[in-house]
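S.K.: Take this sequence and fold it.
(2 chains)
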Amino acid sequence: MTDRSAIVTRFAPSPTGELHIGGARTALFNWALARRHGGKFILRLEDTDRARSSEASTRRIIADLKWLGIDWDEGPDIEGDSLEDWLKPDAPIVKRGDQESYFQSERLDIYRRYIDQLLESGRAYKCFKTPEELDAMRQAARAAGKAIAYDPAESRSLTSAQIAALEAQGRPYVVRFAMPDHAITVRDAVLGDVTVEPSQLEDFVIVKADGFPTFHFAVVVDDSTMGVTHVMRGQEHLANTPKHIALQEALGFDHPVYAHIPLIFNPDGSKMSKRDKAKAARAAGREHVRSLAEVDGWIEDVVRDGRSDANYMARPESAFSEADVRAFLDGKNDHTHIAGMIAFKLGVPLPEIDTADFRDSGYLPHALNNYLALLGWNPGGDVERFDMEFLRQNFSIERIGKSNAKFDREKLLAFNQEAIAKLPESEFRHQLWNVNTWAGRSWYARYFDGPDDPLFIAFARAYQPRSRTLRDPEHLGAFFFKKTEDITYDLSDKNIHKTLLKNDGEGKGVLDAIRPILKAVDPWSGAAAQAALEKFAETRNLKLGAIAQPLRIAISGTTVTPPLDLTLEILGGPAVLHRIQWCLIQSSPPTHSLNP
RNA sequence: GCCCCCUUCGUCUAGAGGCCUAGGACGCCAGGUUCUCAUCCUGGUAACACGGGUUCAAAUCCCGUAGGGGGUACCA
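M.R.: Sure thing, here's the model as predicted:
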């Protein structure tokens, strides 16, 4: 026996793609509400669109939710402890809960029963209109300034004999629900009462010609049969809610509490959509292709890499052809995986839109959840930084806002940086290693023996306080991974020029002077090297900065590195000495002075 | 077109008639600490969309205008 007072919420995505970041927030809110009240949270897959739904998408949605730290009491699930487990293509999808299924495509017999009930009571009827006829009706209605395009009179006046005859002919039909002729009020827990007049209410399709229920019908039946008490969803569903309420009345169902939450947009006000990713990848792709003599070869590469098992983007259902890539570059399709592959090959960042994008970009689930929760909800007071446990204890519908929000990556980045800084050292190290691998950039493995290699420990320690994402160290520390001969010294850079060549090459003089000092450090360690340098500075009556900055430039080619001791530690004595020598050669001043 | 929703610093927001000379966070600017960067600390910048009401008193209530968003599918 279920407790009738307990709150039951659900998250019901369509497995037609990735888990959109907005969907993640909806899931988070529903999860938090259920947890806050000791209720139940259900995951249900709305896969009534047979053409666009896929199992692979289901798997990724499940994995993404689990990665975020969201758990559910009923619905499909994948067992395991890590993202790798959840993303294994052959990991079994298990079912939790008493329902026959939590996939709408497997609940057809349930819908059938209620459809029959509606058909028998006359609250629904078969409609044999062709899509063309309906289009004409819509145009006519618009021309006449009427809100309702569909005139049910003709369909409803069909006799059962006529219907039987049409069915015998094999004429396709849909089932429409007969909307009541009274106004319907949505009692929204966030927006308040919203009343829609009957003149705006149109008979709508509940069974498609392919025999599948529409979203509107399935959602109402499922929410009722699953005992859902609170429906929290995006505001784009508000206008559809009267349909659902009417259906509930006709079926004798209770009405759940509705709470429509504000939408999330890009900073420029546009929708956050996968097209943003396609646009960015296309721009980069076109730019690159322009510089290529042999375009075919490059496209072949993209396709081959896209299929390579070694690549994280490779997914069976995402295989694409060379023609697809060409079409993509021409703007004829927006395939996410082609965008991903192009970006990967070119090393360009794509805007994060889906949950997995944020993961691949090095965001921590904790920071993401925290930021997401603040988009449309806040705990009041000046509290802004909190964890899942806090949400579990404090989330409430009352504090959900009404207005749409713009997604501010700067603020997310700030949250992420704080979260990274607070991570225990070893946790950060392992996450850093993992993300690098997930993102298909396993090149840490080329320089370090593993996440527990002492040099990688030093590397992680160097970058933990200065990483906004787990991907930052790859870029900030790129100089570590270069061959000495690939390091360049840009003397047109004011700082570099000044540090090395000012006062008749003072910086270079320092570099030359510290070579024997560093050479003598044995055994090599960052701390020992720095101590030697400090001692040297003292004898020369110099500040450490006067030595550190030329050295920093010599060993990195840049003016920014982690603290000297860590940098020297990671690089190692031989590389340091080699780079100093290289710098002295490469930074020879021009024959005539730059400063007249 | 029609219907519905929304409107406080650049952004996310606090604010439920006097506590508001409007608070916090991110960003930005300035200063301090520091071997660079980042961190950290200090200070600063910046908003009640507009116009009418109601009231002793309005960011808070009402009406209108403008702007933004959503819906109007055999997609969810």
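S.K.: Run through the residues that contact whichever residue of the stretch 351-500 of chain A sits closest to RNA strand B.
M.R.: The nearest approach of the stretch 351-500 of chain A to RNA strand B comes at residue A:403, 2.9 Å away (CB to the nearest atom of the strand). For the C-beta atoms, the positions are set from N, CA and C on the backbone; glycine is no exception. Going by CB atoms under 8 Å, 6 or more residues apart in numbering, residue A:403 touches residue A:262.
S.K.: Quick check: the gap between residue A:375 and residue A:403.
M.R.: Residue A:375 sits 11 Å away from residue A:403, going by CB to CB, to the nearest Å.
S.K.: Spit out the residues that contact these two alike.
M.R.: Shared contacts of residue A:375 and residue A:403 (CB under 8 Å, 6+ apart): residue A:262.
S.K.: what about chain A, any weak spots by pLDDT?
M.R.: Within chain A, the stretches with pLDDT under 70 are A:1-5, A:308-318, A:439-442, A:589-596.
S.K.: could you show me where the strands are in it, in order?
M.R.: Under the criterion DSSP state E, chain A contains strands at A:8-11, A:40-43, A:75-78, A:93-96, A:124-127, A:174-177, A:184-188, A:192-196, A:204-207, A:230-234, A:257-261, A:264-265, A:405-406.
S.K.: tell me, how many neighbours does residue A:306 end up with?
M.R.: Residue A:306 has 25 neighbours, counted by other CB atoms under 10 Å.
S.K.: Pretty sure it sits against residue A:321.
M.R.: No - using CB atoms under 8 Å as the test, residue A:306 is too far from residue A:321 to be in contact (9.7 Å).
S.K.: what about residue A:148, how many neighbours?
M.R.: Neighbours around residue A:148, by other CB under 10 Å: 16.
S.K.: how about the residues of the stretch 201-350 of chain A near RNA strand B?
M.R.: Neighbours of RNA strand B within the stretch 201-350 of chain A, by CB under 7 Å from any atom of the strand: A:202, A:204-205, A:208-210, A:212, A:214-216, A:235-240, A:262-263, A:265, A:267, A:269, A:271.
S.K.: ok, the residue in the stretch 1-150 of chain A that RNA strand B sits nearest to to residue A:211 distance?
M.R.: With CB to the nearest atom of the strand, the shortest gap between the stretch 1-150 of chain A and RNA strand B falls at residue A:46, namely 3.0 Å. Residue A:46 is 16 Å from residue A:211, where distance means CB to CB.
S.K.: repeat for residue A:505
M.R.: Distance, residue A:505 to residue A:211, using CB to CB: 83 Å.
S.K.: more crowded one of the two?
M.R.: Between residue A:505 and residue A:211, counted using other CB under 10 Å, residue A:505 has the larger neighbour count: 16 against 13.
S.K.: what about stretch A:351-360, near RNA strand B?
M.R.: No - counting by CB under 7 Å from any atom of the strand, no contacts exist between stretch A:351-360 and RNA strand B, the nearest distance being 14.8 Å.
S.K.: ok, now which ones touch residue A:219?
M.R.: Taking CB under 8 Å, 6+ apart, one finds A:12, A:46, A:244 in contact with residue A:219.
S.K.: contacting residues for residue A:138?
M.R.: residue A:149 are the contacts of residue A:138 under CB under 8 Å, 6+ apart.
S.K.: I meant residue A:105, not that one.
M.R.: Counting by CB under 8 Å, 6+ apart, residue A:105 touches A:47-48, A:50, A:53, A:212.
S.K.: Let me see the ranges of the helices in the stretch 101-250 of chain A.
M.R.: Using DSSP state H, counting those that start in this stretch, the helices of the stretch 101-250 of chain A run over A:108-121, A:131-143, A:153-156, A:160-168, A:215-225, A:241-251.
S.K.: Check those helices for me and report the most buried one.
M.R.: Among the helices of the stretch 101-250 of chain A, helix A:215-225 has the highest mean neighbour count (mean count of other CB atoms under 10 Å), at a mean of 22.
S.K.: what about the closest residue to residue A:134 other than its chain neighbours, how many neighbours?
M.R.: Excluding its sequence neighbours, the residue lying closest to residue A:134 (CB to CB, 6 or more residues apart in numbering) is residue A:150, at 7.1 Å. Using other CB under 10 Å, residue A:150 is surrounded by 17 other residues.
S.K.: Equivalent analysis for residue A:449, please.
M.R.: Residues near residue A:449, counting by other CB under 10 Å, number 10.
S.K.: Could you measure from it over to residue A:455?
M.R.: Residue A:449 is 8 Å from residue A:455, where distance means CB to CB.
S.K.: Can you pull the phi and psi angles for residue A:210?
M.R.: phi -80, psi 10 (degrees, to the nearest 10).
S.K.: and it, what does it touch?
M.R.: Counted by CB under 8 Å, 6+ apart, residue A:210 has contacts residue A:50.
S.K.: And for residue A:363?
M.R.: So residue A:363 contacts A:352, A:412, A:416, A:469-470 (CB under 8 Å, 6+ apart).
S.K.: of those, closest to residue A:155?
M.R.: Taking CB to CB as the measure, residue A:155 sits nearest to residue A:352 out of the contacts of residue A:363, at 46.7 Å.
S.K.: Apart from its chain neighbours, what residue comes closest to the closest one?
M.R.: By the measure of CB to CB, 6+ apart, the closest residue to residue A:352 outside its immediate chain neighbours is residue A:358, 4.8 Å from it.
S.K.: In this model residue A:21 seems to touch that neighbour, though I could be wrong.
M.R.: Yes - between residue A:358 and residue A:21 there is a contact under CB under 8 Å: 6.8 Å.
S.K.: Overlap of the contact sets of those two?
M.R.: Here residue A:358 and residue A:21 share the contacting residues residue A:352, scored by CB under 8 Å, 6+ apart.
S.K.: which parts of the biggest helix by length in chain A are buried?
M.R.: Determined from DSSP state H, the single longest helix within chain A is helix A:494-519. Of the residues in helix A:494-519, A:496-497, A:499-501, A:505, A:507-508, A:510-511, A:514, A:517-518 count as buried by neighbour count, 16 or more other CB atoms under 10 Å.
S.K.: Take the contacts of residue A:105 and write them to TSV, including neighbour count.
M.R.: Putting those into TSV (neighbours: other CB atoms under 10 Å) gives the following:
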residue	neighbour count
A:47	22
A:48	23
A:50	10
A:53	20
A:212	18
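S.K.: and which of those is nearest residue A:569?
M.R.: residue A:53 (52.2 Å).
S.K.: ok, now which ones touch the closest residue to that closest one other than its chain neighbours?
M.R.: Spatial nearest neighbour of residue A:53, excluding adjacent residues (CB to CB, 6+ apart): residue A:47 at 3.8 Å. Contacts for residue A:47 (CB under 8 Å, 6+ apart) come out as A:14-15, A:53, A:58, A:103-105.
S.K.: Residue A:64 too?
M.R.: Residue A:64 touches A:18-19, A:24, A:354-356, A:359, counting by CB under 8 Å, 6+ apart.
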